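Colleague: turn this into a model:
(2 chains)
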Amino acid sequence: MDSALPLLLVVIKTLLVIVAVLTFVAYLTLLERKVLGWIQVRIGPNRVGPWGLLQPLADGAKLLLKEEITVASANRVVYILAPLIVVVCALIPFAVIPFSKGLGLESLLGPVADKFDLNTGVIADINLGILYIFGISSLGVYGVILGGWASNSKYSLLGSVRAAAQMISYELGLSLSVIGVLMLAGSLSLVQIVEAQDSVYKWFVFRQPLGFLLFLIAGSAEIARTPFDLMECENELVAGYQTEYSSMKFGLFYLGEYAHLLFLSSMMATLFFGGWQGPVLPPVVWFLGKTFFFVTVFVWIRGTYPRLRYDRVMQFGWKTLLPVGLFNVMATAFVYIIWLQYAS
Amino acid sequence: METILFYVLAVVTLLSAVFVVFLRRPIHNVLFMILTMIGLATLFILLHAEFLAMVQIIVYAGAVMVLFLFVIMLLNLEEIDFPREPRPLRWGFGVILSLAFVVMLFPVIKRIAPTITSVGQSGDMAGAMSNLDLIARELFTTYLLPFEIASFLLLAAIIGTVVIGRKLTRN
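Modeller: A predicted model of the protein is given here:
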């Protein structure tokens, strides 16, 4: 059983990443409330701990202690399953995000360093990373749909119908916007995509500006951030598919939502802004810095734009985003081939 | 280890396929069908066909089944309105059909039977080339014509749905 030790180490590494992600997600809620506060000339949370730093813990404790309500007419199994699907599908894509170059643990790990990507800054460097991410995120839709359906309430059902339609439509735009990057990097592995951007002018945001813009828009629709959060719109749907959820089940939906936000930001850093690449500072710092920059951008967008009308969201998705995405793919392929011709 | 994993996944996949047929609430059937699709994808991964696995998840588990779920949710089907008492004729028909299917599959099973025990060999064959490169190369060289025909067919189908789905606003 010489594979037992590396396997154990992989489990430990995975746990460390999950703990880190969950901590960031918790503090993301504080960041969002603080930044929103500043945008609206308020102070934001400042009661629990210095600068409100213990607020996430207090929120978590509150959610855990709330009464757990299951609607009498709900489909019990599916009702419990839905938040779990959301959280799992929000957490497992982090497995393929490269957060650092190497971990520099060769001397510590000894002979097992080469096994199972133990010494690399990613849990699993699979060569179909992007497809894996899209696969998992397409499964994440089920959590939302089932949650709305199982609550057996009209607001929830309407919310989840909206959510499903929107997520399916914008998933197309999202995947189209990434294809340009995949072509230029020549790989679907996120590790190799990062390695292809080894200097600032090679960052894909400069070679794929349209792709980046599409990714930003489709991404914020996919995770249902404010201009696109019609599925949980308070004033017409009373929080949509989450209406009938309380206590930690609601907490799980919330966790999933913020984990998605963190994930999307880290994807943007990885695909378009060179991931962990950067001078002087250690790679992890660069990666986290870029990720949190995009988190802040999303909060900023939420504080700036009003919610769109639902029919316009769908119309935009199908009639603007999709054609522009297709154009971007064609144009990138065309230019790339011509460039290959002249370069050789 | 791989063998154990294979049997666990195969049992899960087959059991959920059985549940798809025998459960009576449509929504449960769809849920188990999703599980079947995911199980198939994991079996593909064990066969080192990662690309196929991902496509299976994205297309079948992610897109097709969402539409199934959507329709069932909107129609709000509770119990299937089939009569509960078993119908001997239907059972007989089902058994005959599945037997016919097994007979049809027999040549295939016979051909791959010796290699069933050696799962995991095919990965070494690909060597330096990744799964995706291999598929792309085959698709755009050996199977270019069928590929183009299939894509043409798909395009026609897309245009067809748009035409059918369009509201006629003629006065």
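
Colleague: anything in the strand or helix carrying residue A:264 near chain B?
Modeller: Applying DSSP states H and E as the criterion places residue A:264 in helix A:247-272. No: Helix A:247-272 does not reach chain B (CB under 8 Å from any CB of the partner chain); its nearest approach is 15.8 Å. Placement of C-beta: from N, CA and C, glycine included.

Colleague: counting by contacts, list what the helix or strand hosting residue A:146 packs against.
Modeller: Using DSSP H and E, residue A:146 sits in helix A:129-150. When contacts are defined as 3 or more CB pairs under 8 Å, 6 or more residues apart in numbering or on different chains; DSSP states H and E, helix A:129-150 packs onto helix A:76-91, helix A:154-185, helix A:190-195, helix A:247-272, helix B:26-46, helix B:50-55, helix B:65-75.

Colleague: taking helix B:65-75 as reference, get the angle to the longest one.
Modeller: Note on geometry: by axes from the mean of the first three to the mean of the last three CA atoms, to 10 degrees, helix A:154-185 and helix B:65-75 are set 170 degrees apart in direction.

Colleague: and for the fifth one?
Modeller: When the same axes, to 10 degrees is applied, the directions of helix B:26-46 and helix B:65-75 differ by 170 degrees.

Colleague: how about the residue in the stretch 1-150 of chain A that chain B sits nearest to, nearest residue that isn't a chain neighbour?
Modeller: Per CB to the nearest CB, residue A:138 is where the stretch 1-150 of chain A lies closest to chain B, at 2.8 Å. Distance criterion CB to CB, 6 or more residues apart in numbering or on different chains; nearest residue to residue A:138, sequence neighbours excluded, is residue B:62 at 2.8 Å.

Colleague: got a list of what the one you found touches?
Modeller: Under the criterion of CB atoms under 8 Å, 6 or more residues apart in numbering or on different chains, the neighbours of residue B:62 are A:134-135, A:138-139, A:141.

Colleague: what does residue B:57 give?
Modeller: Contacts of residue B:57 (CB under 8 Å, 6+ apart): A:135-136, A:138-139, B:37-38, B:41.

Colleague: can you check residue B:34 too?
Modeller: Counting by CB under 8 Å, 6+ apart, residue B:34 has contacts A:142, B:61, B:65.

Colleague: what's the closest of the residues you listed to residue B:4?
Modeller: Residue B:4 lies nearest to residue B:61 out of the contacts of residue B:34, by CB to CB, at 23.8 Å.

Colleague: would JSON lines of the helices and strands packed on helix A:129-150 with distance to residue B:101 and mean pLDDT be doable?
Modeller: Output for these, formatted as JSON lines (distance: least, CB to CB, whole Å; pLDDT from 0 to 100):
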{"stretch": "helix A:76-91", "distance to residue B:101": "32", "mean pLDDT": "86"}
{"stretch": "helix A:154-185", "distance to residue B:101": "33", "mean pLDDT": "85"}
{"stretch": "helix A:190-195", "distance to residue B:101": "41", "mean pLDDT": "84"}
{"stretch": "helix A:247-272", "distance to residue B:101": "41", "mean pLDDT": "87"}
{"stretch": "helix B:26-46", "distance to residue B:101": "17", "mean pLDDT": "87"}
{"stretch": "helix B:50-55", "distance to residue B:101": "22", "mean pLDDT": "84"}
{"stretch": "helix B:65-75", "distance to residue B:101": "22", "mean pLDDT": "81"}
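
Colleague: so which of those helices is nearest residue A:57?
Modeller: helix A:247-272 (12.9 Å).

Colleague: buried residues in the next helix or strand after the closest one?
Modeller: Per DSSP H and E, the first helix or strand lying C-terminal to helix A:247-272 is helix A:283-304. Using 16 or more other CB atoms under 10 Å in any protein chain shown as the test for burial, helix A:283-304 gives A:283, A:286-288, A:290-292, A:294-295, A:298-299, A:302.

Colleague: possible to save those as TSV with pLDDT?
Modeller: Shown next, in TSV, are the buried residues of helix A:283-304 (pLDDT from 0 to 100):
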residue	pLDDT
A:283	82
A:286	86
A:287	87
A:288	89
A:290	89
A:291	90
A:292	90
A:294	90
A:295	91
A:298	90
A:299	89
A:302	86
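
Colleague: below-threshold pLDDT in the stretch 1-150 of chain A: ranges please.
Modeller: Along the stretch 1-150 of chain A, segments meeting pLDDT under 70 span A:1-3, A:104-119.

Colleague: near chain B, which residues of it?
Modeller: So the stretch 1-150 of chain A meets chain B at A:75, A:78, A:126-128, A:131-132, A:134-136, A:138-139, A:141-142, A:145-146, A:149 (CB under 8 Å from any CB).

Colleague: now those: which count as buried?
Modeller: Using 16+ other CB under 10 Å, the buried members of the residues of the stretch 1-150 of chain A next to chain B are A:75, A:78, A:126-128, A:131-132, A:134-136, A:138-139, A:141-142, A:145-146, A:149.

Colleague: count of neighbours near residue B:162?
Modeller: A count of nearby residues for residue B:162, using other CB atoms under 10 Å in any protein chain shown, gives 9.

Colleague: the one 5 residues further on too?
Modeller: For residue B:167, the count of nearby residues is 5 (other CB under 10 Å).

Colleague: in chain B, where's the longest helix?
Modeller: Longest helix of chain B, by residue count under DSSP state H: helix B:88-112.

Colleague: now that helix: average pLDDT?
Modeller: In this model, helix B:88-112 carries a mean pLDDT of 82.

Colleague: distance check, the residue nearest to residue A:138 against residue B:105.
Modeller: 27 Å (CB to CB, to the nearest Å).

Colleague: distance check, the residue nearest to residue B:68 when sequence neighbours are not counted against residue A:134.
Modeller: Among residues not flanking residue B:68 along the chain, residue B:30 sits closest, at 5.1 Å (CB to CB, 6+ apart). According to CB to CB, residue B:30 and residue A:134 sit 21 Å apart.

Colleague: and residue 41, how many residues sit next to it?
Modeller: This is for chain A. 6.

Colleague: try again with chain B
Modeller: Counted with other CB under 10 Å, residues neighbouring residue B:41 total 23.
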